[in-house]
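Chemist: Give me the fold of what follows.
(chains A and B)
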2 protein chains.
Amino acid sequence: MFEKYFALRTKFMRASEIRELLKVIEKRRIISLAGGFPDPHTFPIEDFYDITDAVLKDYGTHALQYSVTRGVSYFRHKLIDFAYKMRGIKVKDLEYILVLSGSQQGLDIIARTLINPGDYVVVELPTYLAALNAFNLSAPNYIGIPMDDYGMRVDILEDRLRGLYSEGKRVKLVYTVPIAHNPAGVTMSYDRRKYLIELASQYDFLVVEDDPYSYLVFENVDVTPLKALDKEDRVIYLSTFSKILAPGLRLGWLIAHPELTDIFERCKQSLDLHTPTFSQYIAAEAIKRGIVDKVIAKAKAIYKRKRDAMLDALVDFFPKNAWWSKPIGGMFVFARLPWNLDTKALLPEAIEKGVAYVPGQSFFVDGSGKNTLRLNFSYPSVKEIRSGIEILGKFFREKAKELGLA
Amino acid sequence: MFEKYFALRTKFMRASEIRELLKVIEKRRIISLAGGFPDPHTFPIEDFYDITDAVLKDYGTHALQYSVTRGVSYFRHKLIDFAYKMRGIKVKDLEYILVLSGSQQGLDIIARTLINPGDYVVVELPTYLAALNAFNLSAPNYIGIPMDDYGMRVDILEDRLRGLYSEGKRVKLVYTVPIAHNPAGVTMSYDRRKYLIELASQYDFLVVEDDPYSYLVFENVDVTPLKALDKEDRVIYLSTFSKILAPGLRLGWLIAHPELTDIFERCKQSLDLHTPTFSQYIAAEAIKRGIVDKVIAKAKAIYKRKRDAMLDALVDFFPKNAWWSKPIGGMFVFARLPWNLDTKALLPEAIEKGVAYVPGQSFFVDGSGKNTLRLNFSYPSVKEIRSGIEILGKFFREKAKELGLA
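Modeler: Residues are numbered from 1 along each chain as shown, chains lettered A, B, ... in the order given. Have a look, this model is predicted:
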């Protein structure tokens, strides 16, 4: 009835499969390996009583009033310290920082300010689905670059760049999740990170570094961010407090050259004027009191145990020649079945068996990944993880037999 | 240096003059009649201690976790009651409600989901600047309809509609602030409100009713919302807690037919996933405890006193044949000088004299309003209001003389 009023661009607004799925399973008692929720045991609920009281006491009406679009100065100062302490990123001044209403908003702002319809945008195969949803509204031409255990194949990227440039085309930006990738569960090697920055300079493109998970790495691996290797301000660094404080605050932030943060800020002004002042003061206070450090330490311990449980269960119950990632951190394992099973078509039946996962195909801009799936280990309990993987392993084996594939 | 990467649509992303202005005057001790801030004395800071504690205690980790895009169900239930109690709007069920990250986000979502480039969009002369900024990104064709003391001239609208339809063109939507208009300070009469709804049906367009100020009406005047007169679900009703609780929460909401809230929700998903869960529970608790009623009562008393102070000062100090609105509520008076003075060109000098205002021209899509200005009475003190208007009255008179206009 109302569809005749819809703008043409609504055709790009697909409901996220993951979120639609979550709606279904919310109502049923099943093991969900589908979501991307932090373990609520990591939320510093007791500290929140003190933090909110302190914010109201110390900042009073300022914490409840309108504030500037770029973000509360006090919070941005804290973010400069935080970026250096946690990620070794030296931020010159406050103008390099933009506070976001979740890092999702950063993806939306980047799409609106930097991508024209038809622009070439590089993403990983697979890539983060909500980034595609944000970028889709600007109708880019995607170039998908395969990944292996060491992240994006920058050699393949270089080939593609060379090919495009020989045709007079140029890539506008490369979107990557270098550390503990969602959904792929892999981490880009240091050498590849360095090489990507060199390619950016050589082929004159910008890099969007989406970094929600590096704070939750529990192996002794180099996780230097691209932004710390970036001498030409080509990297737009995006992060969030969703995994290291509380997703319910919807608090993200970015670091970029002031010419970029200026246009981002102007765009954000018409999106939501500014990110909630109260949330910004809460996060600033949580950093100041060491609460974020505490959450990180706790989350690392919990997620390491859960990741181990998932990897053990995969060895015990998944088909021998399946592949899966061995994440050094973050919240996800990505798996590829040895048979040409359609994980999306099988999902309703898996849910009947009592387990949900996210089919992998929608993470691939080239339509591949039909036999892949994303498995979350941050939210379910250790027991649920083991039981869920057991049920799934058995289910996929049966299906492969039924279809004469195994 | 980075401009070559910008998308074409960034040309529509002007920095808001008001916000740029605020940056300048923040650093100086002047009387600002320019902003649109609520009086911080209306913020229930003491109650916030109890509310945040209760939210953490009663909803615990749920208040800090991710939540659904459409909004926390508990909060949406409260909004249904609130809409009926405060505005006489009967909302059928939860699917009609969408929670927003400030009502600004509603304007952005409407622009993205409903406006194609070139679509005809009706706005008032003058209209709310941030609505134009949001709509501009979809490059509509604006039709500006004059206002008088009884709001939008719906007779002129009807003429324009007839003309357009005879050319085979149609209007997609009409954007209006019917009650205590920002910036115009006038209220649409009940008869015009009814007639607008009839025109919507006859000419098949949607109406966006932006209603932040009707909660702050201190005269005994009918303020029935368009939404309560709307039998065909043509009205998208937008409101906010910024003026009746705390703008720092950035909490808005809308009522529309579920086919519309569905597409809005899908759009919002890629904007910020959802509005902060914590803020939603805080507002729900504030409604439940009667805190919102308390804030409204307090704000009405304060703003009535300040409005009276501004109207008295205008009589005492402004040129006799100037026009200004006599608002029944809200936060703004709009004024038109009797001479052809350029209020924008004069602003720096006015700031030198110690008073800031917002030049009116940018509120007019037809480029008129050069000799108009918006005056805010919610934020400055009664003393500042009187003194500010005195300085401005004297300043404009001098300028008119200097230029041989008076």
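
Chemist: And the strands in the stretch 101-250 of chain A?
Modeler: In the stretch 101-250 of chain A, the strands defined using DSSP state E, counting those that start in this stretch lie at A:120-125, A:141-148, A:151-152, A:171-176, A:206-210, A:235-240.

Chemist: now those strands as CSV including mean neighbour count and distance to residue B:319?
Modeler: To be clear about C-beta, it is placed using only N, CA and C from the backbone, and glycine gets the same treatment. CSV is the format used below for the strands of the stretch 101-250 of chain A (neighbours: other C-beta atoms under 10 Å in any protein chain shown; distance: least, C-beta to C-beta, whole Å):
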stretch, mean neighbour count, distance to residue B:319
strand A:120-125, 24, 57
strand A:141-148, 18, 59
strand A:151-152, 26, 67
strand A:171-176, 25, 54
strand A:206-210, 24, 54
strand A:235-240, 27, 52
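
Chemist: Dump the ones you listed into JSON lines; add mean pLDDT and distance to chain B as well.
Modeler: Below are those laid out as JSON lines (pLDDT from 0 to 100; distance: least, C-beta to the nearest C-beta, whole Å):
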{"stretch": "strand A:120-125", "mean pLDDT": "98", "distance to chain B": "12"}
{"stretch": "strand A:141-148", "mean pLDDT": "98", "distance to chain B": "14"}
{"stretch": "strand A:151-152", "mean pLDDT": "98", "distance to chain B": "21"}
{"stretch": "strand A:171-176", "mean pLDDT": "98", "distance to chain B": "7"}
{"stretch": "strand A:206-210", "mean pLDDT": "98", "distance to chain B": "6"}
{"stretch": "strand A:235-240", "mean pLDDT": "98", "distance to chain B": "10"}
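
Chemist: quick one, which of the ones you listed is nearest to residue B:36?
Modeler: strand A:235-240 (29.7 Å; C-beta to C-beta).

Chemist: Mind listing what's buried along the helix or strand just after the closest one?
Modeler: Following strand A:235-240 in sequence order, the next helix or strand is strand A:252-255 (DSSP states H and E). Within strand A:252-255, the residues scored as buried using 16 or more other C-beta atoms under 10 Å in any protein chain shown are A:252, A:253, A:254, A:255.

Chemist: List the contacts of the last one.
Modeler: With contact taken as C-beta atoms under 8 Å, 6 or more residues apart in numbering or on different chains, residue A:255 is in contact with A:83, A:89, A:91, A:96, A:97, A:227, A:236, A:237.

Chemist: ok, now the first one?
Modeler: Going by C-beta under 8 Å, 6+ apart, residue A:252 touches A:99-106, A:238-242.

Chemist: ditto for the third one
Modeler: Applying C-beta under 8 Å, 6+ apart to residue A:254 gives the contacts A:97, A:98, A:100, A:103, A:106, A:236, A:237, A:238, A:239, A:261, A:264.

Chemist: Could you dump these into TSV and include distance to residue B:301?
Modeler: Output for those, formatted as TSV (distance: C-beta to C-beta, whole Å):
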residue	distance to residue B:301
A:97	40
A:98	38
A:100	37
A:103	42
A:106	42
A:236	48
A:237	48
A:238	45
A:239	44
A:261	41
A:264	40
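
Chemist: Tell me where the stretch 301-406 of chain A has helices.
Modeler: Using DSSP state H, counting those that start in this stretch, the helices of the stretch 301-406 of chain A run over residues A:343-353, A:382-402.

Chemist: Identify each buried residue in the longest one, please.
Modeler: For helix A:382-402, the neighbour count (16+ other C-beta under 10 Å) marks A:382, A:384-389, A:391-393, A:395-397, A:399-400 as buried.

Chemist: Closest to chain B out of these?
Modeler: Distance to chain B across these (C-beta to the nearest C-beta) is lowest for residue A:384, with 17.3 Å.

Chemist: Surely that closest one touches residue A:29?
Modeler: No: taking contacts as C-beta atoms under 8 Å, residue A:384 lies outside contact range of residue A:29: 11.0 Å.

Chemist: Using the record's assignment, carve chain A into domains.
Modeler: A:3-43+A:293-402, A:45-292 (automatic domain parsing).

Chemist: just these: most buried one?
Modeler: domain A:45-292 (a mean of 21; mean count of other C-beta atoms under 10 Å in any protein chain shown).

Chemist: before we move on, the earlier item: need the least confident one among the domains of chain A, by mean pLDDT.
Modeler: With a mean of 93, domain A:3-43+A:293-402 has the lowest mean pLDDT of the domains of chain A.

Chemist: ok so, going back, mind putting the strands of the stretch 101-250 of chain A in a markdown table, distance to residue B:373 included?
Modeler: Compiled in a markdown table, the strands of the stretch 101-250 of chain A are given as follows (distance: least, C-beta to C-beta, whole Å):
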| stretch | distance to residue B:373 |
| --- | --- |
| strand A:120-125 | 45 |
| strand A:141-148 | 48 |
| strand A:151-152 | 55 |
| strand A:171-176 | 42 |
| strand A:206-210 | 41 |
| strand A:235-240 | 39 |
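
Chemist: Stretch A:99-115 and chain B, are they touching?
Modeler: Yes: using C-beta under 8 Å from any C-beta of the partner chain, stretch A:99-115 reaches chain B at A:101, A:102, A:104, A:105, A:107, A:108, A:112, A:113, A:114, A:115.

Chemist: In helices, which of those residues fall?
Modeler: Members of those lying in helices (criterion: DSSP state H): A:104, A:105, A:107, A:108, A:112, A:113, A:114.

Chemist: quick check, nearest of the residues you listed to residue B:347?
Modeler: Looking across those and measuring by C-beta to C-beta, the closest to residue B:347 is residue A:113, at 28.5 Å.

Chemist: quick one: contacts for the closest one?
Modeler: Counting by C-beta under 8 Å, 6+ apart, the residues that residue A:113 touches are A:260, A:263, A:264, A:267, B:6, B:7, B:9, B:10, B:13.

Chemist: Farthest-apart pair in those residues, please.
Modeler: Pairwise distances across the contacts of residue A:113 peak at 15.5 Å for A:260 and B:9 (criterion: C-beta to C-beta).

Chemist: End to end on stretch A:360-373, go ahead and measure it.
Modeler: 4 Å (C-alpha to C-alpha, to the nearest Å).

Chemist: my guess is residue A:165 contacts residue A:202, does it?
Modeler: No: the pair residue A:165 / residue A:202 is not scored as a contact, 9.7 Å apart, by C-beta under 8 Å.

Chemist: Which residue lies nearest the spatial centre of chain A?
Modeler: residue A:182 (5.3 Å; C-alpha atoms, centre = their mean).

Chemist: residues contacting that residue?
Modeler: A:36, A:128, A:212, A:213, A:330, A:331, A:332, A:374.

Chemist: From what I see, the first one and residue A:331 are in contact.
Modeler: It refers to residue A:36. Yes: using C-beta under 8 Å, residue A:36 is in contact with residue A:331, at 6.3 Å.
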